[in-house]
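Chemist: Quick one: sequence and predicted model below, then my questions.
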2 protein chains.
Amino acid sequence: MKPSVVTSELNGHFCDDCAVRGAAVCSSLDAAELREFEHLGRRVHFDSGETVFSEEDITTSFYNVLEGVMRLYKLLPDGRRQIVGFALPGDFLGMNLSGRHNFSADAIGVVNVCQFPKGPFGRFIEDRPQLLRRINELAIRELSQARDHMVLLGRRSADEKVATFLLGWRERLVALKGPSDMVALPMSRQDIADYLGLTIETVSRTFTKLERLGVIEIIHGGISLLDPARVEAMAAA
Amino acid sequence: MKPSVVTSELNGHFCDDCAVRGAAVCSSLDAAELREFEHLGRRVHFDSGETVFSEEDITTSFYNVLEGVMRLYKLLPDGRRQIVGFALPGDFLGMNLSGRHNFSADAIGVVNVCQFPKGPFGRFIEDRPQLLRRINELAIRELSQARDHMVLLGRRSADEKVATFLLGWRERLVALKGPSDMVALPMSRQDIADYLGLTIETVSRTFTKLERLGVIEIIHGGISLLDPARVEAMAAA
DNA sequence: GCAGCCGATTGACTCAGATCAAATTCGGCT
DNA sequence: AGCCGAATTTGATCTGAGTCAATCGGCTGC
């Protein structure tokens, strides 16, 4: 929760050894551009639970997630929370029209980001349409995911929501770390509940139910997918 | 539902008299560009209920809504439907990464669109970053709206959903046609239900309840907002 | 080792909204 | 005007998920 931000001293330079260089916005830049680009940003570290930015904050930077997981959420005045997504390495955050963030983001576990001040980044984009195109692609991809999530929130049962979440989350981890039936769940049950539009109790009960059915095993810090096909069947209509 | 498309004979030309020229993607083009641009697209008319494009269809065109209202929706295999948005004049449809539409769109009442074949449109964008920037803006705006809608779907009660919908819809009509407390609702109760993640019965009951409370009046083809402040109070937490 | 905490699980009960089932209203069309 | 079909409203009942309330279990710090 505290805004204490530790800035790495081996700063900006060395996109070379950046884990997400190929995947993130940077993938649209050639070697020379990358060299210039790396001077714009700097690596910033966040500890578990720290807030990277808050809804309604004036946008001062864009962020490229390098490492770790973040929850992105919106709060209603009375405290109800909806998590609108989880950010993983390669995700790009901070785009908006209003000049203010339209959701909050905080670190789930340790997080490293590449932070770009809005002004210089905006100027860098100006004459690099391929970077703009890349950002546009990311926005369109997110839009598509957002629409899928609307279907889940509006029209799916609790069982379907949980099953869909497990498969979707696994998919993202697979893309990042390679195939595995072990699905790490760094976020809390409350986070999952707020992502799926459920309560923590319902999420917990559904996990237990899936385990009793023998389709998953609940392990520390995640689950093991014992019967992916059955989970897929539950996720579908 | 039928794909019969009537093409206006006074074709492509005359963006001049286009109602949405200032608002839509076109707003990023100067007079000369607009002249070139208008040859790319053509006006296409759809009757009430006709499908403009379907989810999973290969994207062949982009669309700029000129007139009328469209429902944008996704279906689950068993027929459950989630409306992910309503398109109004000035809205731009068809952006995607997969080469396929990721939702279906059909006309609610008569609709006119400006249709651009994907290929020529893509080529036209190539060397016009300001058009790309405009499209990016539209995508980011939609993304923000999508996130707001996730909060509504995941965390709001039926009363709050309906109240929020009425205010949001009014806002869009105001932006389009100027202020009024008459809120035209061209979509059916079923459409509203599928947009809000409710059933038609719940929507109907909530309308009736609002009317009995004296905050709206249900009139033919819409409602009259008698007490906007009270509705806003219901919409907030 | 164990006391205290915090997140997760489990159980009992409730309730908002869904479901099922009629009316009723509102067109359009002879 | 009068009839038909679709959309909407209303009513009665049901139920999936929420709420409230204990535990449980694993870690932390003493």
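Modeler: It's in.
Chemist: residue ranges with poor pLDDT in chain A?
Modeler: A:1-14, A:237 (pLDDT under 70).
Chemist: DNA strand D contacts on chain A?
Modeler: A:157-159, A:197-199, A:201-202, A:220 (C-beta under 7 Å from any atom of the strand). For every residue, glycine as well, the C-beta is placed using N, CA and C.
Chemist: biggest helix in chain A, by residue count?
Modeler: Looking across chain A with DSSP state H, the single longest helix is helix A:129-155.
Chemist: What residues sit buried inside that one?
Modeler: A:129, A:131-140, A:142-155 (16 or more other C-beta atoms under 10 Å in any protein chain shown).
Chemist: same for chain B: which of the residues you listed are within range?
Modeler: Within the set of these, contact with chain B (C-beta under 8 Å from any C-beta of the partner chain) is found for A:129, A:132-133, A:135-137, A:139-140, A:142-144, A:146-151, A:153-155.
Chemist: Residue A:116 and residue A:62 touch, don't they?
Modeler: Yes - assessed by C-beta atoms under 8 Å, residue A:116 is found in contact with residue A:62 at 4.7 Å.
Chemist: What residues does chain A have near DNA strand C?
Modeler: Near DNA strand C, when you scan chain A using C-beta under 7 Å from any atom of the strand, you find A:188-190, A:200-201, A:203-205, A:207-208, A:218.
Chemist: Tabulate those (JSON lines), appending distance to residue B:164, neighbour count and secondary structure.
Modeler: JSON lines is the format used below for these (distance: C-beta to C-beta, whole Å; neighbours: other C-beta atoms under 10 Å in any protein chain shown; DSSP: H, G, I helix; E, B strand; the rest coil):
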{"residue": "A:188", "distance to residue B:164": "28", "neighbour count": "13", "secondary structure": "coil"}
{"residue": "A:189", "distance to residue B:164": "28", "neighbour count": "16", "secondary structure": "helix"}
{"residue": "A:190", "distance to residue B:164": "24", "neighbour count": "13", "secondary structure": "helix"}
{"residue": "A:200", "distance to residue B:164": "25", "neighbour count": "14", "secondary structure": "helix"}
{"residue": "A:201", "distance to residue B:164": "26", "neighbour count": "10", "secondary structure": "helix"}
{"residue": "A:203", "distance to residue B:164": "25", "neighbour count": "23", "secondary structure": "helix"}
{"residue": "A:204", "distance to residue B:164": "30", "neighbour count": "15", "secondary structure": "helix"}
{"residue": "A:205", "distance to residue B:164": "29", "neighbour count": "14", "secondary structure": "helix"}
{"residue": "A:207", "distance to residue B:164": "31", "neighbour count": "18", "secondary structure": "helix"}
{"residue": "A:208", "distance to residue B:164": "34", "neighbour count": "12", "secondary structure": "helix"}
{"residue": "A:218", "distance to residue B:164": "37", "neighbour count": "13", "secondary structure": "strand"}
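Chemist: The residues of chain A next to DNA strand D: which two are farthest apart?
Modeler: Farthest-apart pair in those is A:157 and A:220; separation 27.7 Å (C-beta to C-beta).
Chemist: Which one of these two is surrounded by more residues?
Modeler: When residue A:157 and residue A:220 are compared on other C-beta atoms under 10 Å in any protein chain shown, the one with more neighbours turns out to be residue A:157, at 12 against 5.
Chemist: Would you mind measuring the gap between the ends of stretch A:21-29?
Modeler: 10 Å (C-alpha to C-alpha, to the nearest Å).
Chemist: tell me how far that stretch is from the chain's mean position?
Modeler: Mean C-alpha position of stretch A:21-29 versus that of the full chain (C-alpha atoms, centre = their mean, to the nearest Å) differs by 17 Å.
Chemist: ok, and what's touching it?
Modeler: Applying C-beta atoms under 8 Å, 6 or more residues apart in numbering or on different chains, the contact partners of stretch A:21-29 are A:15, A:18, A:20, A:34, A:37, A:64, A:89-92, A:128, A:130-131, A:133-135, A:138.
Chemist: Take the residues of chain A next to DNA strand C and lay them out in CSV including distance to residue B:109.
Modeler: Shown next, in CSV, are those (distance: C-beta to C-beta, whole Å):
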residue, distance to residue B:109
A:188, 46
A:189, 45
A:190, 44
A:200, 44
A:201, 44
A:203, 42
A:204, 46
A:205, 45
A:207, 46
A:208, 49
A:218, 51
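Chemist: could the residues you listed go into a markdown table alongside distance to chain B?
Modeler: Below are the residues of chain A next to DNA strand C laid out as a markdown table (distance: C-beta to the nearest C-beta, whole Å):
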| residue | distance to chain B |
| --- | --- |
| A:188 | 17 |
| A:189 | 16 |
| A:190 | 13 |
| A:200 | 14 |
| A:201 | 16 |
| A:203 | 13 |
| A:204 | 18 |
| A:205 | 18 |
| A:207 | 19 |
| A:208 | 22 |
| A:218 | 24 |
